[in-house]
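J.: sequence-free structure coming up:
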Ligand code: SF4
């Protein structure tokens, strides 16, 4: 299944980020109203209403009433800014974005395999392998030393598109060229979160890769999780 193992920490983090984001505009409004001669009680109510409306916007996003990921962006940017001061949670802002997004896309409906792209990072390829997979994934011999062979088996079984990206720009180019309606993307939390926020309105399911040998080197992916995502979303 998609990694939705424990949704309360990312939800809490998401709403905390929105709350913190909303404090600045609420304070600015409060001060402006005070300067304009509106009494303190009314100014305070206006400030509190501003905070509440941001929270409502966050809830509307979470419940799928709005597709616009603006609340997710607000929350992510605020948490990132504060993360440098204090580590808020065992959930990083990046993992929060992936978890909240995956939860939301569960209600996205079904897609055809030919409008679906499996997009994976090149760091999944074994570092000793000399195949130039970013140009031609099918040059893989499926030797089993890395997960690429298994991923190609999955692509063949489901009949989707498949591409290997060498970085963020390359991923964007691939998405523009193929024009999918659904992306099942494998990457680290940083790349996944930025990609998810970037490719809206394309539906994206994020699957985190595993760092068995440290970051960006001979990484791995749980192919069963990826298959489960495809079974869930494909017609
Ligand atoms: S499975 Fe494919 S990409 Fe991975 S090491 Fe073998 S030939 Fe290279």
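T.: Yep, it's here. Please read these numbers as outputs of a predicted model, since none were measured by experiment.
J.: surely residue 184 and residue 226 touch.
T.: Yes. Between residue 184 and residue 226 there is a contact at 6.3 Å, judged by CB atoms under 8 Å. From N, CA and C alone the C-beta is placed, and that goes for glycine too.
J.: which of the two has more neighbours?
T.: residue 184 (29 against 23; other CB atoms under 10 Å).
J.: report the strands that pair with whichever helix or strand the more buried one is part of, each with its relative direction.
T.: According to DSSP states H and E, residue 184 maps onto strand 182-187. Strand 182-187 pairs in its sheet with strand 116-121 (parallel), strand 203-208 (parallel), by DSSP bridges.
J.: so is the helix or strand just after the last one next to the ligand?
T.: For strand 203-208, the succeeding helix or strand toward the C-terminus, using DSSP H and E, is helix 223-233. No. Among the residues of helix 223-233, none lie within reach of the ligand under CB under 6 Å from any ligand atom; the closest is 12.0 Å away.
J.: so what secondary structure elements neighbour helix 223-233?
T.: Using 3 or more CB pairs under 8 Å, 6 or more residues apart in numbering; DSSP states H and E, the elements in contact with helix 223-233 are strand 116-121, helix 148-158, strand 182-187, strand 203-208.
J.: among these, which is the most enclosed?
T.: The highest average neighbour count among these, using mean count of other CB atoms under 10 Å, belongs to strand 182-187 at a mean of 26.
J.: could you list the buried residues of the next helix or strand after that one?
T.: For strand 182-187, the following helix or strand on the C-terminal side (DSSP H and E) is helix 189-199. By neighbour count on 16 or more other CB atoms under 10 Å, the buried set for helix 189-199 is 189, 191, 192, 193, 194, 195, 196, 197, 199.
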